[in-house]
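1. Got a predicted structure plus its sequence, pasted below:
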Amino acid sequence: MGHGQSRNQLDPQQDVIYQAMNHRVLISSANQKPLPTATIPITPQLSTDVYVHWKSIVLEGSAEQPNVLWLGFVLDAKCECLVTVHFYSAEILDEAYVTHGYTSDSPHTQPKRSFPFSPGLAQPFPAHSLSLDIANIPESVLLCKDRKTYPLVIDIVRVDLASH
């Protein structure tokens, strides 16, 4: 408390701080040991222009077409973006292992498809607009056993970056 200020003159927030400090002093003096101090790790806050709600990603089948899976997900976008879905593709990496695109030499590939999105929150991927046909696809391909080729890749870029 500063300069002749009594506890009764403290605002509610200052009073809580005063009580917490007083409580800590009483505990410390009673135990004759200093209280351990907590360290709170500071983590950088990530900021991204586009975010896919990963728990929303689904591949849904239907009784009518059991070998066809429909893609669905929800995304937030701070800017215009282009969502491109590649099928049975591998990353094109440079010597520093930075991805520069996707390629497919798989006999199971389907043409890639792109969808524009405007800025907005909780935007659903257009329902029943993109499907993955898994009929006659070996399990090793579906489960990425070669660790190089993925059955489905969702690639998202800002529109102003996609045009460069």
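-> Received the coordinates, thanks. Numbers count the residues shown, from 1 in each chain.
2. Please tell me I have it right and Val68 contacts Ile137.
-> No. Contact criterion C-beta atoms under 8 Å: Val68 and Ile137 do not qualify, at 11.5 Å. No exception for glycine: its C-beta is placed from N, CA and C like everyone else's.
3. Number of residues surrounding the nearest residue to Ile154 once chain neighbours are set aside?
-> Spatially, and ignoring its direct neighbours in sequence, Ile154 is nearest to Val85 (5.8 Å; C-beta to C-beta, 6 or more residues apart in numbering). When neighbours are defined as other C-beta atoms under 10 Å, Val85 has 21 of them.
4. and what of Leu132?
-> 20.
5. Quick one: residues in contact with the strand or helix carrying it.
-> According to DSSP states H and E, Leu132 maps onto strand 131-133. Residues from elsewhere that reach strand 131-133 (C-beta atoms under 8 Å, 6 or more residues apart in numbering): 59, 67-71, 87, 110, 151-152.
6. Inside strands: which ones of these?
-> Secondary structure from DSSP state E places 59, 68-71, 87, 151-152 of the contacts of strand 131-133 in strands.
7. so where is the protein shaky, pLDDT-wise?
-> Across the chain, residues meeting the criterion (pLDDT under 70) sit at 1-47, 146, 161-164.
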